[in-house]
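In: have a look; sequence and predicted model below, questions after that.
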Amino acid sequence: MSDDKRELKLLDAWEPPAGAGAPIGCVATTFTFDSVFFEEECLGRFLDLESDPKDDDAVYLVEREKKLSGVFAAVLADQHHCKGSHNMRWNVLSARVKNGVLHAKVSLLHWVGWTRVIIASANLTPAGYRKNREIFSVLDFFDGSPAPAECLKETINFLRETLTQTAGIDGNPAGTRSLALLDGISADSRKWGSDAD
């Protein structure tokens, strides 16, 4: 992050960095969840959509469908807050973590030449991202990245473990594709970050 004193906005972290390349996929976890907010604000930035659903709905729908057609996106939300309508091109998985709740707020964003980890206190809701005072950290991994490679490995392992511990994930196509995305990120980024293999 830069040395300037401006207050960083969490939504900015969903925007592709310069040189990141085309989006491939993302997996995020949350406790409470707002599907419209996630699709329009988070996914919209991740996909680098140019249209605005509030100003030009038809143009937005066409652009969104086109860009989502080649990308995988999934949200793993706690089972008590996993609700709301959403586009069938992205997935909501109900996390039924054994002996507890899913309270983590971790987002893993992957572009062709860049992987970003966002760890935050904010849920994927308008209040979490726009109203509450929250904290977050961003780690970027790319060829020559100084970020510790072990952090990316541990994040992928955490998401994989959370997915596999979620009841009903076996045989769920979205769960299978989420795990495949994590495997792909591991392969793509194996030489990214400091102390990488």
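Out: Received, thanks. Since the structure is predicted, the reported quantities are computational estimates derived from the model, not experimental observations.

In: would you put the C-alpha positions of the one helix or strand L61 maps to in PDB?
Out: Element membership of L61, judged by DSSP states H and E, is helix 57-68. The C-alpha coordinates for helix 57-68 follow below in PDB (Å, rounded to 0.1, in the frame of the first residue of the first chain):
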ATOM      1  CA  ASP A  57     -29.700  -1.500 -16.400                       C
ATOM      2  CA  ALA A  58     -29.900  -3.200 -19.800                       C
ATOM      3  CA  VAL A  59     -26.300  -2.400 -20.700                       C
ATOM      4  CA  TYR A  60     -25.200  -3.500 -17.300                       C
ATOM      5  CA  LEU A  61     -27.000  -6.900 -17.600                       C
ATOM      6  CA  VAL A  62     -25.400  -7.600 -21.000                       C
ATOM      7  CA  GLU A  63     -21.900  -6.600 -19.800                       C
ATOM      8  CA  ARG A  64     -22.300  -8.600 -16.600                       C
ATOM      9  CA  GLU A  65     -23.500 -11.700 -18.400                       C
ATOM     10  CA  LYS A  66     -20.600 -11.500 -20.900                       C
ATOM     11  CA  LYS A  67     -17.900 -11.100 -18.300                       C
ATOM     12  CA  LEU A  68     -19.300 -13.600 -15.800                       C
END
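
In: buried residues in the helix or strand following it?
Out: Following helix 57-68 in sequence order, the next helix or strand is strand 72-78 (DSSP H and E). By 16 or more other C-beta atoms under 10 Å, the buried positions in strand 72-78 come out as 72-78. Just so you know, the C-beta spots here come from the backbone N, C-alpha and C atoms, and that holds for glycine as well.
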